[in-house]
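In: pasting the sequence and the predicted coordinates here, then a few questions.
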Amino acid sequence: MLSIQNLSVSFTSMQDQIKALHQVSLSIDRGEIVGIVGESGSGKSVTALTVLGLLERNAKITEGEIIYNGQNVLKLSPKELHALRGKQIGMVFQEPMTALHPTMKIGDQLAEVIRRHRNLSKKEAYAQAVKSLEEVHIREPQLVARKYPFELSGGMRQRVVIALAMAAPPDLLICDEPTTALDVTIQHEILKLMKELSNTRGTAIMFITHDLGVVAEVCHRVAVMYAGEVVETGETKAVLSDPQHPYTRSLIGALPDLTDPDQPLQSIAGEIPNLRNRPQGCIFASRCEHADDRCRRERPELKSWNETAGANHGHLAACWLR
Ligand SMILES: Nc1ncnc2c1ncn2[C@@H]1O[C@H](COP(=O)(O)OP(=O)(O)OP(=O)(O)O)[C@@H](O)[C@H]1O
């Protein structure tokens, strides 16, 4: 459904060029939930914004292509991109208030979006809006439909945003840290809801998060990003239980051990490299305790380490030493 190939994106800021993405490739099939995980600044949001055609004006796509349902997204006009976002690709961001009209009642907002996509009377659209609140498991949907966004809790608002995003209904939902601001119980319920929507409607989901626990809970596959590159990708279970890239191992190692509170928290030594001047070798070499001369000199490709075709079920890593 979605295939991103060798995507590189730079930002011009003052006199500088920040190379935020470097040859990023990833794909998402129908009904699949694919996680993009990495530290702050690794390029997760830039990847999503490029697919949505929402990059800021100082951004430049320097190479690559994005094919969505057979069409090259990077060649679409602003009008076509707008239509794509409205109808085929839904969006859910961390802060639900950014997607909601603050002075319009929930039911009216939903009904308006529904009418944009379907030829329904106002009354029919409103009834459909109430139904869509029910579908995202909002109790007393009639009552909630009559409320304003500020009258709802954060978790309820995010459910409303999901209902709005699903209204078209889209083939692909792009979610950028949708549960980060919520407490863990609500987070779990929202994740369960997303899994259910994906299962019942076949909606594909690009799920951006910095939280490996969330990836383990919802994602079929995951792409681990570091400093604008995908360094490892594969089925979630395989990547988390048998990580091949030292960065993925560090991320997993940095998770707190709940069974041993005395265990000191591990952090990843060093800093993300300067994106103005990307190193020529492995992007993680400066923070990798195993790096040798070759790692500093040559950039490893994202590839399987087992020669037998398909042996790793698409588990790929960009590391010379694996
Ligand atoms: N408009 C912009 N101008 C200049 N640099 C930008 C711009 N937008 C993003 N960047 C840079 O691109 C890089 C990737 O940013 P991005 O927001 O994709 O990271 P992220 O992985 O989503 O991080 P976070 O988890 O903090 O949202 C960062 O170095 C960021 O500073």
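Out: Perfect, thanks for sending it.
In: so where's this protein shaky on pLDDT?
Out: Counting by pLDDT under 70, the chain has low-confidence residues at 256-266, 307-311.
In: can you map out the helices along it?
Out: Listed in chain order, the helices of the chain (DSSP state H) span 44-52, 78-83, 106-117, 122-135, 141-145, 154-165, 184-201, 212-218, 236-241, 246-253, 293-297.
In: quick one: closest of these to the ligand.
Out: Closest approach to the ligand among the helices of the chain (Cβ to the nearest ligand atom): helix 44-52, 3.3 Å. Any C-beta I mention is one placed from the backbone N, CA and C, and that applies to glycine too.
In: CA atoms only for the closest one - export them in PDB, please.
Out: Only the C-alpha atoms of helix 44-52 are listed here, as PDB (Å, rounded to 0.1, in the frame of the first residue of the first chain):
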ATOM      1  CA  LYS A  44      10.200   9.800  12.700                       C
ATOM      2  CA  SER A  45       7.900  12.900  12.300                       C
ATOM      3  CA  VAL A  46       9.700  14.100   9.200                       C
ATOM      4  CA  THR A  47       9.100  10.700   7.600                       C
ATOM      5  CA  ALA A  48       5.400  11.000   8.400                       C
ATOM      6  CA  LEU A  49       5.100  14.600   7.300                       C
ATOM      7  CA  THR A  50       6.800  13.800   3.900                       C
ATOM      8  CA  VAL A  51       4.200  11.100   3.200                       C
ATOM      9  CA  LEU A  52       1.400  13.600   4.100                       C
END
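In: need the residues that contact that helix.
Out: The contact list for helix 44-52, computed with Cβ atoms under 8 Å, 6 or more residues apart in numbering, reads 2, 4, 7, 9, 20-21, 24, 26, 36-38, 55, 59, 61, 66, 68, 73, 81, 85, 89, 91, 174, 176, 206, 208-210, 225, 228.
In: these: which ones sit near the ligand?
Out: 20, 38, 210 (Cβ under 6 Å from any ligand atom).
In: list the contacts of the residue sitting nearest the centre point of the chain.
Out: Residue closest to the average C-alpha location in the chain (Cα atoms, centre = their mean): residue 208, at 2.6 Å. Counting by Cβ under 8 Å, 6+ apart, residue 208 touches 35-37, 44-45, 47-48, 174-177.
In: just flag the most distant two among the residues you listed.
Out: Greatest spatial distance in the contacts of residue 208: 37 and 174, 14.8 Å, computed using Cβ to Cβ.
In: more crowded one of these two?
Out: Applying other Cβ atoms under 10 Å to residue 37 and residue 174 shows that residue 174 carries more neighbours, namely 28 against 25.
In: any figure for the gap between that one and residue 47?
Out: Separation of residue 174 from residue 47 (Cβ to Cβ, to the nearest Å): 9 Å.
In: same check, this time on residue 284
Out: 18 Å.
In: try residue 83
Out: 21 Å.
In: these two - which one has more neighbours?
Out: residue 47 (28 against 12).
In: which among the ones next to the ligand among the contacts of helix 44-52 gets closest to the ligand?
Out: Closest approach to the ligand among those (Cβ to the nearest ligand atom): residue 20, at 3.3 Å.
In: got a list of what the closest one touches?
Out: Here residue 20 is in contact with 9-11, 43, 46, 59, 228, 275 (Cβ under 8 Å, 6+ apart).
In: nice, that's everything, thank you.
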